[in-house]
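Enquirer: Predicted coordinates and the sequence they were generated for:
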Amino acid sequence: MTVRLWHEGHSVRIEDPVDDAYRDVTPGDLLWIDLLDPTEHELTTFGQHFGITRLGIDDVLSPHERTKVVRHSDHLSFVCYALNEKAAPPGSPVDIAFEFVRISGFVFGQTLITIRASAGVMGIVDFSQRLEEERRLLTLGPGYLVYAICDSLVNGYFHGIEQLEDRLEDIEDSLFDESLSREMQRAVYHIRRDLARLRRSASPMREVVNDFARHFASVPELTAYFGDAYDHALRSSEWIDSLRDTISFIVETNLSLQDARMNEIMKKLAGWAAIISVPTMITGYFGQNVPFFGYGDPAGWVFSSLLLVGSALILWIVFKRQGWI
């Protein structure tokens, strides 16, 4: 448990996080309680003090709950997912893998409670510098804290999207040099999978930010902040859709190039088959067991040999000029 307390925008020294977490806030106070991967029993006991419903506890603890904001009688509960980078497993065609860590919580009048499923994602300490710079906005209640969390989540999505776009650009650069190798095909599959997972987390953030903006509509100073966060969430969603279209274009282009290369191979095979079939026809004709021009005469063998070589050479020149071989 990490606890931060502000009074009239100024940080208040915390002596005992547990005692301060259960304290009654007074006018002008702003309390942020950050819990790291609590058990169901711990959160239930903790929630009894704040009046958190069983439905809200189940939502924030569910590992596969969708991104959303739920309105309760006297508070809001929310579920979001932070994008976290980690080293890809051995044998993977990519260097960096993405994982999505649940960040959920509850918003009261003067209290914000956040619950993180992993220590590797944003916590109170990560926002310390930012909150000190915007001390004036802390006097407006938990609205600015909520905005800071949403903005950080969306910025994390942007960073992940940029990396995926760089990978796609590398694949596009080599697309016309040769058909996609098996390694590149695996890389495209991983990118498509990461984009699908990223879309499930990033696209609903528009509605999450919009719900928070409506909830804090009574605080005009925060309107522009949530408007900016909504614009960023919208851009990230559109960017993801654009990259998905790019992947489809890469796959379709690769298939078209493979068809074109297959046609070139078939043309070459047809050309060589024609070159081989004419000498076969001639030798079959001259090999008939009946008298013909030059039969039994060395001049006939010379003539047939020249005819074989000459016809094959003429066909080779014709097909070569046509680009068939």
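Expert: Sure, I can see it.
Enquirer: Tell me where the stretch 51-200 of the chain has helices.
Expert: Ranges of helices in the stretch 51-200 of the chain, per DSSP state H, counting those that start in this stretch, are 54-61, 128-133, 143-173, 182-202.
Enquirer: Lowest average pLDDT across the ones you listed?
Expert: Across these, helix 128-133 has the smallest mean pLDDT, namely a mean of 73.
Enquirer: count of neighbours near Gly141?
Expert: 21 (other Cβ atoms under 10 Å). Using the backbone N, CA and C atoms, a C-beta is placed for each residue, glycine as well.
Enquirer: Pretty sure Gln110 is one of the things it touches, is it not?
Expert: Yes. At 6.1 Å, Gly141 counts as touching Gln110 under the criterion of Cβ atoms under 8 Å.
Enquirer: Between those two, which contacts overlap?
Expert: The contact sets of Gly141 and Gln110 overlap at Leu30 (Cβ atoms under 8 Å, 6 or more residues apart in numbering).
Enquirer: Make sure Trp316 is actually in contact with Ile275.
Expert: Yes. With contact defined as Cβ under 8 Å, Trp316 counts as touching Ile275 (5.8 Å).
Enquirer: Look at the two and report which has more neighbours.
Expert: Ile275 (19 against 16).
Enquirer: From Val60, how far off is Phe78?
Expert: 8 Å (Cβ to Cβ, to the nearest Å).
Enquirer: ah, wrong one, I meant Pro279
Expert: 81 Å.
Enquirer: Quick check on those two: which one has the bigger neighbour count.
Expert: Between Pro279 and Val60, Val60 has the larger neighbour count (other Cβ under 10 Å), namely 26 against 16.
Enquirer: Low-confidence regions, the stretch 201-325 of the chain specifically.
Expert: 285-296, 324 (pLDDT under 70).
Enquirer: got the residue ranges for the helices in it?
Expert: Using DSSP H, counting those that start in this stretch, helices in the stretch 201-325 of the chain cover 205-215, 223-286, 298-322.
Enquirer: Quick check: which of the ones you listed is buried the most?
Expert: Stretch with highest mean neighbour count among those: helix 205-215 (a mean of 19; mean count of other Cβ atoms under 10 Å).
Enquirer: residues making contact with that one?
Expert: By Cβ under 8 Å, 6+ apart, helix 205-215 touches 67-69, 71, 76, 78, 80, 107, 143, 146-147, 150, 153-154, 157, 222-223, 226-227, 229-230, 233-234, 236-237.
Enquirer: rerun that using 10 Å as the cut-off
Expert: 67-71, 76, 78-81, 107, 143, 146-147, 149-151, 153-154, 157, 222-223, 225-237 (Cβ atoms under 10 Å, 6 or more residues apart in numbering).
Enquirer: so that helix versus helix 143-173, what angle?
Expert: 160 degrees (axes from the mean of the first three to the mean of the last three Cα atoms, to 10 degrees).
Enquirer: sorry, back to before: name the residues contacting each of Trp316 and Ile275.
Expert: By Cβ under 10 Å, 6+ apart, the residues touching both Trp316 and Ile275 are Ile325.
Enquirer: Following the record's annotation, map out the domains of this structure.
Expert: 2-257, 261-322 (automatic domain parsing).
Enquirer: possible to save the helices of the stretch 201-325 of the chain as CSV with distance to Leu168?
Expert: CSV is the format used below for the helices of the stretch 201-325 of the chain (distance: least, Cβ to Cβ, whole Å):
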stretch, distance to Leu168
helix 205-215, 22
helix 223-286, 6
helix 298-322, 37
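Enquirer: Of those helices, which is nearest Arg13?
Expert: helix 223-286 (27.9 Å; Cβ to Cβ).
Enquirer: and the closest one, what other elements does it pack with?
Expert: Contacts defined by 3 or more Cβ pairs under 10 Å, 6 or more residues apart in numbering; DSSP states H and E place helix 223-286 against helix 143-173, helix 182-202, helix 205-215, helix 298-322.
Enquirer: Please name whichever of those helices is nearest to Glu42.
Expert: Once the helices and strands packed on helix 223-286 are compared by Cβ to Cβ, helix 143-173 is nearest, at 21.7 Å.
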